[in-house]
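Visitor: Need coordinates for the below:
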Amino acid sequence: MAAALLAGVLLFASFPPRPLWFLAPVGIALLTAVLTVQPMRRRAGFGYGYLAGLGFLVPLLPWVGVYVGPLPWLALAAAEAVFVGLFGALAVHLRTLPAAPLWIAAAWSATEFARASVPFGGFPWGRLAFGQPDGVLVSLAALGGAPLVSFAVALTGTGLAALVSVVVRSNGARLDRRGAVRAAAWAALAPLAALAVWPLLRTDPADSPVVTVAAIQGSVPRLGLDFNAQRKAVLDNHVARTLELAADVRAGAVPQPDVVIWPENASDIDPLRNADAARDITAAAAAVQAPILVGTVLRNDDGTTSNSVIVWDPEAGPGEQHDKRIIQPFGEYLPYRSFFRLFSEYADRAGNFVPGDGDGAVTADGITIGVATCYEVAFDRAFSDSVDAGAQLLAVPTNNATFGDTEMTYQQLAMSRVRAVEHGRTVVVAATSGVSAIVDPDGSVQQRTPLFEPAALVAQVPLRADVTLASRLGPIPELVLCVGAVVAAGLALVRSRRQNAGPGADPAPGTAGAPAPGRFDREDL
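Guide: Here you go, the predicted model:
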């Protein structure tokens, strides 16, 4: 139990802002060793996995409850830890198969896919890939996206666990050299592949056009759920910082931007309905002589709201818009509101947002920009659809003021860095209160802002038209890994049943025991 909890803590410690990405394979190795070195039942594997999930997710997610109390934070961590428990049961089930490290790593990928899909659309926060933007394995994102990076971390860890298992089984006797070599090969496969891919990330096509982008961080009057209580002040902050940028451009201190990106919630006053807000935004765009991507909240005729990003031209005014397609349950909307209001007074403060549609791409001054608003960046499909629609540049307008001075903003920046590598495009992160950043296509951070300080980032960045293998393949790598895990689980079940059905056969390691012929044991369920 202690080792399982420690494995989860090691996974947590591998995530930003700590530069300890190498702890993730160690955490997976420790958990896999707990599950496979000694025979155990699958239900015990679930229990150990669940403990590891708590050790991982409880310290990873306290930002969820920073202003609403510990109940939502602990409930979310407890619910998401179930998927790590499922991994534990699968690891026990798969431990006796040939090439077990491969199948156990695929099982981790399958449980990550499940966690990112259900319930309420899933919660991908804490995927192993999102702790790796500074690690060598991140280069594999260009081949198979975030799912391949997570699988690579898991495979490195399961290979290390297999090596430990070989040593433990030797028990001071002659070491199984062939088994040790096989285990070491599994552990080294992903890092070697990543090192081979790494040099390819740092080459820009010679014909890539270059544009100048700016990200505005206006900051907010206060943090917490009431950050927008002074909505006009938030808008004024972003207008003021844009006017300062315009003055710097006129003075020759910074180059003229081709497009300016404001964060999510920069104007929670609907500028399509409020003439004063529209006038202020137009004045800012005219001063900086560039279109602004304005993060705003639009009030719909049916009483719902949309979290939108509007391209605001200095002359033509509002143009194309991206309505956030993947909205946050229990924040932007509340499923089963009448039920959950029984547990928290904050339930009625959840929004009444509705998801948008479209491909997530907008055009500003001839530049096609893919937009993933805040929570959307955690989901693979958000930027995949944008790149398929021709996005040459990616933007993440976000509002982290509702999460205070927590690690959430650094975790989200890490996601943006992985997305940059995945699609081979510059990512511009514009946050209300930080951290805003310009991320190069290789995932390195070119510029970033401190927290809670008004700032403007200006950078010349390439526009990419070519697409990575990961962009071409889309969800296929993850589906292949999930199918592999399911097929392996089926083969392990058949293998176990055959062993148990033999006359006088001993129960196979990791099974519940030999059931009577023709009987389907509860453990098989």
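Visitor: Spatially central, which residue of the protein would that be?
Guide: Centroid-nearest residue in the chain, with Cα atoms, centre = their mean: A378, separated by 3.4 Å.
Visitor: Can you tell me the closest non-neighbouring residue to that one?
Guide: P124 (4.4 Å; Cβ to Cβ, 6 or more residues apart in numbering). The C-beta positions use only the backbone N, C-alpha and C, and glycine is treated the same way.
Visitor: Following element in sequence after the lowest-mean-pLDDT helix or strand in the chain, please.
Guide: Across the helices and strands of the chain, mean pLDDT, DSSP states H and E gives its lowest value to helix 337-340, namely a mean of 72. Note on helix 337-340: by DSSP states H and E, the next helix or strand toward the C-terminus is strand 361-364.
Visitor: what's the distance between that next one and the middle of its chain?
Guide: Averaging C-alpha positions (Cα atoms, centre = their mean, to the nearest Å) puts strand 361-364 23 Å from its chain's average.
Visitor: Kindly report the same for stretch 119-126.
Guide: Relative to its parent chain, stretch 119-126 has a centroid offset of 10 Å by Cα atoms, centre = their mean.
Visitor: Distance check, G390 against G144.
Guide: 22 Å (Cβ to Cβ, to the nearest Å).
Visitor: Correction: the previous question concerned G317.
Guide: Counting by Cβ to Cβ - G317 and G144 are separated by 42 Å.
Visitor: ok, now V220?
Guide: In terms of Cβ to Cβ, V220 sits 38 Å off from G144.
Visitor: Among those two, which residue is more densely surrounded?
Guide: V220 (27 against 22; other Cβ atoms under 10 Å).
Visitor: hang on, that one in a strand?
Guide: No: counting by DSSP: H, G, I helix; E, B strand; the rest coil, V220 falls outside a strand, being coil.
Visitor: Just confirm it contacts A401, I think it does.
Guide: Yes: counting by Cβ atoms under 8 Å, V220 does reach A401; the two are 4.7 Å apart.
Visitor: what's the spacing between the nearest residue to Y333 once chain neighbours are set aside and V64?
Guide: In space, not counting the residues next to it along the chain, Y333 is nearest to F353; the distance is 5.4 Å by Cβ to Cβ, 6+ apart. According to Cβ to Cβ, F353 and V64 sit 18 Å apart.
Visitor: now do F83
Guide: 17 Å.
Visitor: Equivalent analysis for Q132, please.
Guide: Q132 is 22 Å from V64, by Cβ to Cβ.
Visitor: between the two, which one's more packed in?
Guide: Neighbours per residue (other Cβ under 10 Å) separate Q132 from V64, with Q132 holding more: 32 against 23.
Visitor: ok, that one - contacts?
Guide: S14, W21, A24, V138, V149, V153, V418 (Cβ atoms under 8 Å, 6 or more residues apart in numbering).
Visitor: Export those residues to a markdown table and append columns for secondary structure.
Guide: Formatted as a markdown table, the contacts of Q132 follow (three-state DSSP):
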| residue | secondary structure |
| --- | --- |
| S14 | coil |
| W21 | coil |
| A24 | helix |
| V138 | helix |
| V149 | helix |
| V153 | helix |
| V418 | helix |
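Visitor: Compare the residues you listed and tell me which has the most neighbours.
Guide: V149 leads the contacts of Q132 on contacts (other Cβ under 10 Å) with 31 neighbours.
Visitor: ok, now how distant is it from P25?
Guide: Taken as Cβ to Cβ, the span from V149 to P25 is 12 Å.
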